[in-house]
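Asks: Show me how the following folds:
(one chain, ligands or ions: 1)
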Amino acid sequence: MSSAKTEAAASQALTPELKAFIAEWKSKPGNLIMVLHQVQEHFGYIPRKVAFEVADLLGVPLARIYGVITFYNFFKLTRPGRNRVQVCMGTACYLRGGEDIILEVEEMLGVGLNTVTPDGEFSIEAVRCLGCCGLAPVMVINGVVYGKVKMESLPGILAQYKKTSQG
Ligand code: FES
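Replies: Here you go, the predicted structure:
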């Protein structure tokens, strides 16, 4: 288990594919956002070490990279949990109890929004409209969409993602 962690830490460097992508985009307009998108797609967030590499390869100041990352709340600076819980806070979902869902999930996992549980298993995020408002309130876990979520179904949904004990 800890070897996976070590592996993950060691892999916090641009892959040859990402380097090629940066080389291709280097002189194109809007390249920084495109590159950060690719980086986040690969790592699930923007590791600090990688942000340095991107700055170097694109020839832009690190401050500009962090400026972009913090301006668009799409970009993450910390690794999300193994299970990424995203609760929609778009208007339709908000009106149908999205906020209560967040509060309940926080309570169940014992951590707040934008935080990862100490075991690294879960993180909770509020996200903007996911484009399926007819299903409000909507929650997404690891890309799986849960629509018309009811408070009473939350324990069952989260239980599916909890690590089963060794055996
Ligand atoms: S407001 Fe939640 S999906 Fe649109």
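Asks: What ranges does the chain have for its helices?
Replies: 2-10, 16-25, 31-43, 48-58, 62-71, 91-95, 98-109, 154-159 (DSSP state H).
Asks: Any idea which of those gets closest to the ligand?
Replies: Closest to the ligand of the helices of the chain is helix 91-95 (Cβ to the nearest ligand atom; 3.3 Å). Using the backbone N, CA and C atoms, a C-beta is placed for each residue, glycine as well.
Asks: Buried residues, that closest one. List them.
Replies: Across helix 91-95, burial judged by 16 or more other Cβ atoms under 10 Å covers 92-94.
Asks: Now the helices of the chain in CSV, please, with extra columns for distance to Arg128 and mean pLDDT.
Replies: Putting the helices of the chain into CSV (distance: least, Cβ to Cβ, whole Å; pLDDT from 0 to 100) gives the following:
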stretch, distance to Arg128, mean pLDDT
helix 2-10, 28, 46
helix 16-25, 25, 95
helix 31-43, 16, 92
helix 48-58, 23, 94
helix 62-71, 14, 89
helix 91-95, 10, 94
helix 98-109, 11, 94
helix 154-159, 21, 96
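Asks: Show me the one of those helices that comes nearest Arg82.
Replies: helix 2-10 (9.9 Å; Cβ to Cβ).
Asks: give me every residue that touches Leu36.
Replies: 46, 54, 65, 68-69, 75 (Cβ atoms under 8 Å, 6 or more residues apart in numbering).
Asks: swap in Leu130?
Replies: 86, 88, 90, 138, 140, 145.
Asks: related to what we said a few turns ago, in CSV: the helices of the chain, plus distance to the ligand.
Replies: Shown next, in CSV, are the helices of the chain (distance: least, Cβ to the nearest ligand atom, whole Å):
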stretch, distance to the ligand
helix 2-10, 31
helix 16-25, 30
helix 31-43, 21
helix 48-58, 30
helix 62-71, 22
helix 91-95, 3
helix 98-109, 7
helix 154-159, 16
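Asks: Just put those in JSON lines and tack on distance to Cys129.
Replies: Shown next, in JSON lines, are these (distance: least, Cβ to Cβ, whole Å):
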{"stretch": "helix 2-10", "distance to Cys129": "31"}
{"stretch": "helix 16-25", "distance to Cys129": "28"}
{"stretch": "helix 31-43", "distance to Cys129": "19"}
{"stretch": "helix 48-58", "distance to Cys129": "28"}
{"stretch": "helix 62-71", "distance to Cys129": "19"}
{"stretch": "helix 91-95", "distance to Cys129": "7"}
{"stretch": "helix 98-109", "distance to Cys129": "10"}
{"stretch": "helix 154-159", "distance to Cys129": "20"}
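Asks: No further questions, thank you.
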